[in-house]
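Q: prediction below, plus the sequence it came from.
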Amino acid sequence: MPVVDASWETWLSSNVARGCSIDSMIDAMVQAGFATEAARAAVHKAFGRDPAEAAEAAEAVEAVEAAAPAPAATEAALVKAAPQTYQYDESPVARGNVIRAHDRDVHVLMRCERPQVIVFADVLSPDECNEMIERSRHRLKRSTTVNPVTGKEDVIRNRTSEGIWYQRGEDAFIEQMDRRISSLMNWPVENGEGLQILHYGTSGEYRPHFDYFPPDQAGSAVHTAQGGQRVATLVIYLNDVADGGETIFPEAGMSVAAKQGGAVYFRYMNGQRQLDPLTLHGGAPVRGGDKWIMTKWMRERAYG
Ligand code: PD2
Ligand code: ZN
């Protein structure tokens with residue numbers, strides 16, 4: 001049976017810092033061969049609870065659980081529970097080459113399992129893309145990024161674009177887009193942030209970043225207070241970009257070209273609330289022409 005040595009202490013404290021749930025951590029330790037009461041006590045201690053309280057909690061659990069022997073510590077279980085190892089559980093997006101998304105058939109061009117990325121064609125028709133651009137063109141404001149310390153929105157150099165937000169369901173057309181995207185992502189429409197339109201001129205870019213709010217940064221709490229963590233993104237390309245402007249995934253060595261009506265989906269939070277660092281991504285510099293995108297971010301819970 002394993003013991004809570006220095007590497008487990010590190011695992012415990014880093015998972016607390018990353019915002020993992022108590023139950024998911026206990027499950028991971030039990031899978032790695034710890035007895036349930038030992039796992040409970042260690043996790044409660046890591047969350048800063050009084051050890052006596054933790055011991056009481058462990059006793060209470062013992063009383064209700066059948067006295068089943070703890071599973072043997074297999075190598076596979078240890079690997080599974082290893083610190084920072086993101087578990088790729090099943091994506092919510094439907095299987096198949098064509099997905100019926102609310103009112104439209106959407107074609108799958110490419111799927112990647114690690115990180116979970118899917119490239120689609122025809123999420124929007126050319127007319128719908130042009131309508132979104134024309135609605136937005138005169139209402140753009142310089143884009144911001146989240147300050148990791150304060151959680152406030154800052155205009156900074158690594159995001160050279162202008163944007164506008166639409167409230168969820170703000171009119172019939174936006175509601176149709178929200179519903180189609182929710183159906184494609186297979187995630188509740190209520191969990192979605194409002195659609196964001198972004199415009200990059202020539203040389204505009206968005207340097208590599210995570211769309212999730214890093215749990216170890218103080219400013220993230222401001223954003224996760226409502227709706228919880230972001231779980232997945234859909235970036236839809238509203239025009240063909242003459243040169244450059246790909247969505248890049250530098251850790252995965254992958255890039256997606258901007259093609260009108262197409263989209264890239266990526267998922268970074270699994271069912272255990274782990275976050276996938278391989279989803280680091282950015283918008284490469286636009287080398288010719290301009291670039292318009294529409295973005296949907298989905299949260300763990302209802303948003304707004
Ligand atoms: O413009 C893009 O391709 C892009 C890439 C990555 C946009 C975003 N992220 C974003 O708005 O988060
Ligand atoms: Zn992004």
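A: Received, thanks. Ligands and ions are numbered 1, 2, ... in the order given.
Q: from here on, just use CA atoms for contacts and neighbour counts.
A: Noted.
Q: nearest to ligand 1: which residue in the stretch 51-200 of the chain?
A: With CA to the nearest ligand atom as the measure, residue 198 is the residue of the stretch 51-200 of the chain nearest to ligand 1, at 7.3 Å.
Q: is it true that that residue touches residue 162?
A: Yes - here residue 198 lies in contact with residue 162, judged by CA atoms under 8 Å, at a distance of 5.6 Å.
Q: about what we covered before: what's the residue of the stretch 51-200 of the chain closest to ligand 1 in contact with, if anything?
A: Taking CA atoms under 8 Å, 6 or more residues apart in numbering, we find residue 198 in contact with 143, 161-164, 292-295.
Q: can you pull the pLDDT of the closest residue to residue 274 other than its chain neighbours?
A: The shortest distance from residue 274 to any non-neighbouring residue, by CA to CA, 6 or more residues apart in numbering, is to residue 86 (6.2 Å). pLDDT recorded at residue 86 is 97.
Q: surely residue 86 is in a strand?
A: No - read with DSSP: H, G, I helix; E, B strand; the rest coil, residue 86 is coil and lies in no strand.
Q: neighbour count, secondary structure and distance to residue 304 for the contacts of residue 198 - can I get that in TSV?
A: Output for those, formatted as TSV (neighbours: other CA atoms under 10 Å; DSSP: H, G, I helix; E, B strand; the rest coil; distance: CA to CA, whole Å):
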residue	neighbour count	secondary structure	distance to residue 304
143	19	coil	21
161	22	coil	25
162	19	strand	23
163	20	strand	20
164	19	strand	17
292	27	strand	25
293	23	strand	22
294	21	strand	19
295	21	strand	17
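Q: will you turn these into a markdown table that also has distance to residue 286 and pLDDT?
A: Shown next, in a markdown table, are the contacts of residue 198 (distance: CA to CA, whole Å; pLDDT from 0 to 100):
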| residue | distance to residue 286 | pLDDT |
| --- | --- | --- |
| 143 | 16 | 78 |
| 161 | 11 | 81 |
| 162 | 14 | 92 |
| 163 | 16 | 93 |
| 164 | 19 | 96 |
| 292 | 11 | 97 |
| 293 | 12 | 98 |
| 294 | 16 | 98 |
| 295 | 18 | 98 |
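Q: from those, pick the one nearest residue 208.
A: Residue 208 has its nearest neighbour among the contacts of residue 198 in residue 161, at 14.1 Å by CA to CA.
Q: tell me the contacts of the closest one?
A: Here residue 161 is in contact with 142-143, 198-201, 204-206 (criterion: CA under 8 Å, 6+ apart).
Q: flag the least confident of the residues you listed.
A: Scoring the contacts of residue 161 by pLDDT puts residue 143 last, at 78.
Q: give the bridge partners for the closest residue to ligand 1 within the stretch 101-250 of the chain, please.
A: Residue of the stretch 101-250 of the chain nearest ligand 1, by CA to the nearest ligand atom: residue 247 (4.0 Å). Beta bridges link residue 247 to residue 256, residue 283, judged by DSSP bridges.
Q: contacts only, for it.
A: When contacts are counted by CA under 8 Å, 6+ apart, residue 247 touches 255-258, 281-284.
Q: can you give me the helices for the stretch 1-150 of the chain?
A: Shown for the stretch 1-150 of the chain, the helices assigned by DSSP state H, counting those that start in this stretch span residues 6-17, 22-31, 36-46, 51-64, 75-81, 126-136.
Q: so which of the contacts of residue 247 are also by ligand 1?
A: 281-283 (CA under 6 Å from any ligand atom).
Q: now those residues as TSV including neighbour count and pLDDT?
A: Compiled in TSV, these are given as follows (neighbours: other CA atoms under 10 Å; pLDDT from 0 to 100):
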residue	neighbour count	pLDDT
281	22	98
282	22	97
283	24	97
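Q: I'd like the contacts of residue 198 laid out as JSON lines, including distance to ligand 1.
A: Listed next are these as JSON lines, based on distance: CA to the nearest ligand atom, whole Å:
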{"residue": "143", "distance to ligand 1": "9"}
{"residue": "161", "distance to ligand 1": "9"}
{"residue": "162", "distance to ligand 1": "11"}
{"residue": "163", "distance to ligand 1": "9"}
{"residue": "164", "distance to ligand 1": "11"}
{"residue": "292", "distance to ligand 1": "8"}
{"residue": "293", "distance to ligand 1": "6"}
{"residue": "294", "distance to ligand 1": "8"}
{"residue": "295", "distance to ligand 1": "6"}
